[in-house]
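**Student:** 3D model of this:
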Amino acid sequence: MTIKEKYFSLVLFTVILVSCGQEKRQEEWHHIEISPLDGSQVVTVITKGEKRYIMNGKHKDISDDNYLLLDLSKVDRLGDGFSVCWGENGYKWKIASAYARVVENKLDPTKYLYSQPLGDYGQPTSEGYTGKSCGGILIREKRGPNGDLKVKYIVD
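**Tutor:** Reported below is the predicted structural model:
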């Protein structure tokens with residue numbers, strides 16, 4: 001075996017050894033808590049595969065009730081985000097997410113609202129989610145949220 005072949009074999013062995021020893025890293029955005037800038041409320045968002053659970057309050061795992069379950073199978077990864085408004089129109093919060101389909105809503109509809117506002121041509125719009133008490137985030141992006149919204153990433 002030549003020196004070049006030995007060196008190549010050593011590098012290949014090292015790469016295989018290191019990559020096999022890596023733990024599978026959970027994406028940060030799979031479990032987040034969102035709140036207004038003043039921290040007066042908390043909403044937990046947990047994403048598992050193509051399912052997203054939105055729950056009022058802090059949660060380490062998916063609760064048995066009091067959640068909104070969304071199907072993300074039609075949501076483009078690059079546009080995966082949502083907008084939220086705090087304390088508007090009699091709701092504690094209202095959330096919108098483009099192209100996500102509601103599978104199950106176990107939230108109190110008098111306190112929490114989920115909607116998908118559409119424009120004149122059926123395209124998603126942020127209309128109604130741009131006020132002073134509103135904010136938004138593209139959840140898979142490294143950029144921070146905008147508006148009245150802060151995000152805490154929970155690593156399980």
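**Student:** helix or strand: which one has Ile46?
**Tutor:** Element membership of Ile46, judged by DSSP states H and E, is strand 43-48.
**Student:** contacts for that strand, please.
**Tutor:** Strand 43-48 is contacted from outside by 29-35, 52-59, 61-62, 72, 84, 93, 95, 139, using Cβ atoms under 8 Å, 6 or more residues apart in numbering. (Glycine included, C-beta is placed from N, CA and C.)
**Student:** likewise stretch 128-144?
**Tutor:** Contacts of stretch 128-144 (Cβ under 8 Å, 6+ apart): 27, 29, 32, 34, 36, 45, 47, 77-88, 94, 96, 115, 117, 126, 145-149, 151.
**Student:** list the buried residues in it.
**Tutor:** 129, 133-139 (16 or more other Cβ atoms under 10 Å).
**Student:** that one: how far from the chain's middle?
**Tutor:** 11 Å (Cα atoms, centre = their mean, to the nearest Å).
**Student:** start to end distance for it?
**Tutor:** Stretch 128-144 has an end-to-end distance of 21 Å (criterion: Cα to Cα, to the nearest Å).
**Student:** next one: stretch 55-64
**Tutor:** Distance between the two ends of stretch 55-64: 10 Å, counting by Cα to Cα.
**Student:** just give me how far it sits from the chain centre.
**Tutor:** 14 Å.
**Student:** helices of this structure, residue ranges please.
**Tutor:** Using DSSP state H, the helices of the chain run over 3-21.
**Student:** that older thread, in the strand holding Ile46, which residues are buried?
**Tutor:** 43-47.
**Student:** one more: stretch 89-97?
**Tutor:** Result for stretch 89-97 [16+ other Cβ under 10 Å]: buried residues 91-97.
**Student:** check contacts around the closest residue to Tyr129 other than its chain neighbours.
**Tutor:** With sequence-adjacent residues excluded and distances taken as Cβ to Cβ, 6 or more residues apart in numbering, Tyr129 is closest to Ser83, at 3.7 Å. Contacts for Ser83 were tallied using Cβ under 8 Å, 6+ apart; they are 95-97, 126, 129, 134-136.
**Student:** any idea which residue sits dead centre in this structure?
**Tutor:** Ile139 (4.5 Å; Cα atoms, centre = their mean).
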